[in-house]
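> Need a 3D model of the following:
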Amino acid sequence: MSDQPAPTDTTRLPLDPAAADAVRAYAARTRASADQFAAVLEDIATHGLPSVETSTPWEDLRERTLTRLASQRPAIA
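Numbers count the residues shown, from 1 in each chain. Predicted coordinates for the structure are as follows:
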């Protein structure tokens, strides 16, 4: 810890409009993701875990995700 006192100036520096819009968009995406995650947890709490037979193995999910990401990446000649 520093022996220096904390600065007392609490004024904030405003963001330019484009940066403020970007921060708001990020907040909205984060909030939507958190809401979706919370809904899944609530479903598990209410109904229990899904059966293994009806679940997708994580290896399949990984391969799908890697394939999707590879298709979005521009090819290098």
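> From here on, just use CA atoms for contacts and neighbour counts.
Noted.
> chain center to the one helix or strand Ala18 maps to, what's the gap?
Assigning secondary structure by DSSP states H and E places Ala18 in helix 17-47. Centroid separation for helix 17-47 versus its chain: 7 Å, with C-alpha atoms, centre = their mean, to the nearest Å.
> Could you do stretch 60-77 as well?
How far stretch 60-77 lies from its chain's middle: 19 Å, per C-alpha atoms, centre = their mean.
> Quick check: what element follows the helix holding Ala18 along the chain?
On the C-terminal side of helix 17-47, the nearest following helix or strand under DSSP H and E is helix 58-72.
> So which other helices or strands are in contact with that following helix?
Counting contacts by 3 or more C-alpha pairs under 8 Å, 6 or more residues apart in numbering; DSSP states H and E, helix 58-72 is packed against no other helix or strand.
> Averaged pLDDT, it. What do you get?
The predicted model assigns helix 58-72 a mean pLDDT of 94.
> Alpha carbons only: can I get that helix in CSV?
The C-alpha coordinates for helix 58-72 follow below in CSV (Å, rounded to 0.1, in the frame of the first residue of the first chain):
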residue,chain,number,x,y,z
TRP,A,58,-18.7,-31.1,-25.0
GLU,A,59,-16.4,-32.4,-27.7
ASP,A,60,-19.1,-32.0,-30.3
LEU,A,61,-19.8,-28.5,-29.1
ARG,A,62,-16.1,-27.7,-29.2
GLU,A,63,-15.8,-28.9,-32.8
ARG,A,64,-18.8,-27.0,-33.9
THR,A,65,-17.5,-23.8,-32.3
LEU,A,66,-14.0,-24.3,-33.8
THR,A,67,-15.6,-24.9,-37.3
ARG,A,68,-17.7,-21.8,-37.0
LEU,A,69,-14.7,-19.7,-35.9
ALA,A,70,-12.5,-21.0,-38.7
SER,A,71,-15.2,-20.2,-41.2
GLN,A,72,-15.4,-16.6,-40.0
